[in-house]
Structures are given as structure tokens and as C-alpha cells.
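Asker: only geometry, no sequence info:
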């Protein structure tokens, strides 16, 4: 069945959004990623990470490789992004970042560092489990 937003629902309740022909990137369809969804976009390079970085919500983006984090943070000219990876205590680094970015923080980290980032945020008085989007990037 189709509704007025050009979405298709299957018997499992999954939603397939039909993009207009002129849409080139995901940001042409949405300004924020939906909460509590698996977004199977079918291809890389369509801008889902960009939507996550530009949405106003506090966001933790988990990435599989340090090189991806370095690529995104290297493109950041305004210091809006914090890349967390590697060994060592990152508490001070996250604390300093959160002082000036508490409204819309964007923390990029490796998959295995997500628990460390969440623990540090909790120790600083933030609730990463209810106040942050967690985006699992490919």
C-alpha cells in the first residue's frame, strides 16, 4: 500500500522510501536521520554520514576504520567534530570538547571505542543512551 509520502510498507512493517528522480544525496530527502531505524540505503557515498553530521541532535558516529574518522575530521574546518580512537585516556579530550559543543556534539569513534566514549560521557554527566543518536557507519 502507498501513502501520500511515497513510502511503501511491506508485510514486516519495513518502509521503503521512493526517492524522487532529482534526488542525488540523502540530504535531498531528509535533514535528520530517523531515530531507532536501520537505514539500508543500498549504496555507499550517498551522504548519510553528512546528514548525521549536519543534524542538530547530539550524535556519536561509530566507524569501522581510523582512516574514515581521520578523513571526516580532516575535512572539518570549524572544529565541530571530535575523533576518538586509539589507546589512552580520552576523558580530558572529550571533556574539553563537550564544554564548547554541548548543544550539538558530533563524536566520531571506532566501533570498539563506543563503550569507552559512552562511559566517559556518563562520567561527565551526559546520558549518551537517551540524549545522543548512535549512527553505525559502514
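Answerer: The structure has been received and is ready for your questions. Computed from a prediction, not measured in an experiment: that's the story for all the values here.

Asker: Endpoints of stretch 91-109, how far apart?
Answerer: Stretch 91-109 has its terminal residues 14 Å apart, counting by Cα to Cα, to the nearest Å.

Asker: What residues sit buried inside it?
Answerer: Within stretch 91-109, the residues scored as buried using 16 or more other Cβ atoms under 10 Å are 94, 97, 98, 101, 105, 106, 107, 108, 109. For the C-beta atoms, the positions are set from N, CA and C on the backbone; glycine is no exception.

Asker: ok, now stretch 115-130?
Answerer: Within stretch 115-130, the residues scored as buried using 16+ other Cβ under 10 Å are 116, 117, 118, 120, 121, 126, 128.

Asker: Show me how far it is from its chain's centre.
Answerer: Averaging C-alpha positions (Cα atoms, centre = their mean, to the nearest Å) puts stretch 115-130 16 Å from its chain's average.

Asker: can you check stretch 68-75 too?
Answerer: 14 Å.

Asker: So what touches that stretch?
Answerer: Stretch 68-75 is contacted from outside by 49, 53, 63, 81, 82, 83, 84, 85, 108, 109, 110, 137, using Cβ atoms under 8 Å, 6 or more residues apart in numbering.

Asker: how about 6 Å then?
Answerer: Residues outside stretch 68-75 that contact it (Cβ atoms under 6 Å, 6 or more residues apart in numbering) are 63, 81, 83, 85, 108.

Asker: Same check on stretch 83-99?
Answerer: If you take Cβ under 6 Å, 6+ apart as the criterion, stretch 83-99 is touched by 66, 69, 73, 82, 108, 109, 110, 113, 117, 120, 124.

Asker: nearest to residue 19, of the residues you listed?
Answerer: Of all these, residue 19 sits closest to residue 108, with 26.3 Å by Cβ to Cβ.
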